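Asks: Below are the sequence and a predicted model for it; my questions follow.
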Amino acid sequence: MRCPRCGMEMNRHAEKAVKDVRAEESSHYNLAFEGVLESIFCCPGCGKVEAVIENGLPGISA
Amino acid sequence: MSVHAARFMVEQIQKREGVVTSLIDIAELSLPVDDAGEAIKDPRFATAMEQADALVIVSPEYNHSFPGLLKHVLDSCLKEYIHKAAGVVGVSAGSFGGARMIEQFQPILRELGLVSIFWDVNFGRIEKVFDAKGQLLDQSFIPRADKFLGELIWMATVLRYGRENVPLK
């Protein structure tokens, strides 16, 4: 994933299960983790932080 | 009196070469209280959290815990905290220096993705530590803060390297 601010390749350093899911994110709800999985990225160039919602695992996503 | 402790910590941080810091007084953020979480995110606070490598949280202790307003403010961000260092500085009128509040804080830091350090600064009997103008009366807090900051900066440096260079497998 490219940094939207400086264009550098971002590092995916964490995943976080977010429990308080907004309605527009419900298609990404992951039953295994009882929430939405977000990947957290950090840009080594400018320090920008991005969180991206992942799809649920095949067969168990609501 | 917590503001005296917070200003003291800022002064100690500013002595560290290569470290940039700013004091955020949550009373000045004026977040709404009819909602919570990222829905009420303050752009200035979120930007400060994104830019920070570490947080020094200075808090008084009320009824063995931290003020609800502090939790309300911290809850307004999430991704900005992940894999960043945090240390808690306790302030109290009694002798424990916020120790019980700091213990209460640990599960919250963990859930926010912050990495807690094992040094604290405990300003017990705060009215004897600072005078009414905020002048430090007890010099023993200088080496205590120094140990705390040494550990915090080490953790922040390691975590920044990790955030920027070590991919999650």
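Replies: That came through fine.

Asks: Just give the number of residues close to B:Phe45.
Replies: 19 (other C-beta atoms under 10 Å in any protein chain shown). C-beta coordinates here come from the backbone N, C-alpha and C atoms, glycine included.

Asks: Report the contact partners of the residue nearest to A:Glu9 when sequence neighbours are not counted.
Replies: Among residues not flanking A:Glu9 along the chain, A:Arg2 sits closest, at 6.4 Å (C-beta to C-beta, 6 or more residues apart in numbering or on different chains). Applying C-beta atoms under 8 Å, 6 or more residues apart in numbering or on different chains to A:Arg2 gives the contacts A:Met8, A:Glu9, A:Met10.

Asks: May I ask which of those has the most neighbours?
Replies: When neighbours are counted by other C-beta under 10 Å, A:Met10 leads the contacts of A:Arg2 with 26 neighbours.

Asks: Can you give me the distance of that one to chain B?
Replies: Per C-beta to the nearest C-beta, to the nearest Å, A:Met10 is found 9 Å from chain B.

Asks: Please report how far the residue nearest in space to the middle of chain B lies from chain A.
Replies: Centrality entry for chain B: nearest residue to the mean C-alpha point is B:Ile57, 1.3 Å, by C-alpha atoms, centre = their mean. B:Ile57 sits 19 Å away from chain A, going by C-beta to the nearest C-beta.

Asks: Please confirm that that residue is located within a strand.
Replies: Yes. Assessed by DSSP: H, G, I helix; E, B strand; the rest coil, B:Ile57 belongs to a strand.

Asks: which residues touch the closest residue to it other than its chain neighbours?
Replies: Closest residue to B:Ile57 apart from its sequence neighbours, by C-beta to C-beta, 6+ apart: B:Val88 at 4.9 Å. By C-beta under 8 Å, 6+ apart, the residues touching B:Val88 are B:Ile57, B:Val58, B:Ser59, B:Gly98, B:Met101, B:Ile102, B:Phe105, B:Leu109, B:Ser116, B:Asp120.

Asks: Please report how far the residue nearest to A:Glu9 lies from chain B.
Replies: 15 Å.

Asks: Quickly note the distance from that residue to B:Ile57.
Replies: Separation of A:Arg2 from B:Ile57 (C-beta to C-beta, to the nearest Å): 33 Å.

Asks: And B:Val19, by the same measure?
Replies: Applying C-beta to C-beta, the value for B:Val19 to B:Ile57 is 17 Å.

Asks: got it, and B:Glu28?
Replies: B:Glu28 is 16 Å from B:Ile57, by C-beta to C-beta.

Asks: Can you pull the poorly scored residue ranges out of chain A?
Replies: When residues are selected by pLDDT under 70, those of chain A lie in A:23-25, A:54-62.

Asks: who in it is up against chain B?
Replies: A:11-16, A:18, A:20, A:38-40, A:42-44, A:47-51 (C-beta under 8 Å from any C-beta of the partner chain).

Asks: Go again with 7 Å.
Replies: Taking C-beta under 7 Å from any C-beta of the partner chain as the test, the list of chain A residues beside chain B reads A:11-16, A:20, A:40, A:42, A:44, A:47, A:49, A:51.

Asks: Going through those residues, which ones are buried?
Replies: Among the residues of chain A next to chain B, those buried by neighbour count (16 or more other C-beta atoms under 10 Å in any protein chain shown) are A:Asn11, A:His13, A:Ala14, A:Lys16, A:Ile40, A:Cys42, A:Pro44, A:Gly47, A:Val49, A:Ala51.

Asks: Alright, calling it a day.
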